[in-house]
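Enquirer: missing the sequence, but the structure's below:
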């Protein structure tokens, strides 16, 4: 009789624990949450992103540069209205040819 009571209690405990086990998170989800809440890893990710941003900035210096400017002056004073218009376009090229 005692064994049947113990078995019944054990079965009840296991049955009540099953829903809790079914709700348990998998290892990948636990790892993701731990990584998101770790300030040291967040700092490392930020530093990595800042370092990776240096690559396109360094590459930009090797690409052709085009600059443009436009100006216009107008004055209504005096007998004749002076007007001036200027435009400037400049480009620099970089070549792979050796000297």
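Expert: Structure received. This one's a predicted model, so the numbers in the text were calculated from it and none came from an experiment.
Enquirer: So which residues of the protein form strands?
Expert: 65-74, 83-92 (DSSP state E).
Enquirer: which ones are touching residue 41?
Expert: Counting by C-beta atoms under 8 Å, 6 or more residues apart in numbering, residue 41 makes contact with residue 35. For every residue, glycine as well, the C-beta is placed using N, CA and C.
Enquirer: separation between it and residue 47?
Expert: 11 Å (C-beta to C-beta, to the nearest Å).
Enquirer: Likewise for residue 33?
Expert: Going from residue 33 to residue 47 by C-beta to C-beta gives 22 Å.
Enquirer: Not counting sequence-adjacent ones, nearest residue to residue 70?
Expert: Counting by C-beta to C-beta, 6 or more residues apart in numbering, residue 70 lies nearest to residue 87, which is 5.4 Å off, once chain neighbours are set aside.
Enquirer: My error: substitute residue 73 in the last question.
Expert: Nearest to residue 73 is residue 84, by C-beta to C-beta, 6+ apart, at 4.2 Å.
Enquirer: related to what we said a few turns ago, mean pLDDT, distance to residue 52 and mean neighbour count for the strands of the chain - can I get that in TSV?
Expert: Shown next, in TSV, are those (pLDDT from 0 to 100; distance: least, C-beta to C-beta, whole Å; neighbours: other C-beta atoms under 10 Å):
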stretch	mean pLDDT	distance to residue 52	mean neighbour count
strand 65-74	79	23	9
strand 83-92	77	26	9
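Enquirer: Quick check: which of these is nearest to residue 12?
Expert: strand 65-74 (77.7 Å; C-beta to C-beta).
Enquirer: I would like the residues contacting that closest one, please.
Expert: 81-92.
Enquirer: The same query, at a cut-off of 6 Å, please.
Expert: Contacts to strand 65-74, defined as C-beta atoms under 6 Å, 6 or more residues apart in numbering, come from residues 83-92.
Enquirer: strand partners of it, parallel vs antiparallel please.
Expert: When pairs are called by DSSP bridges, strand 65-74 turns out to pair with strand 83-92 (antiparallel).
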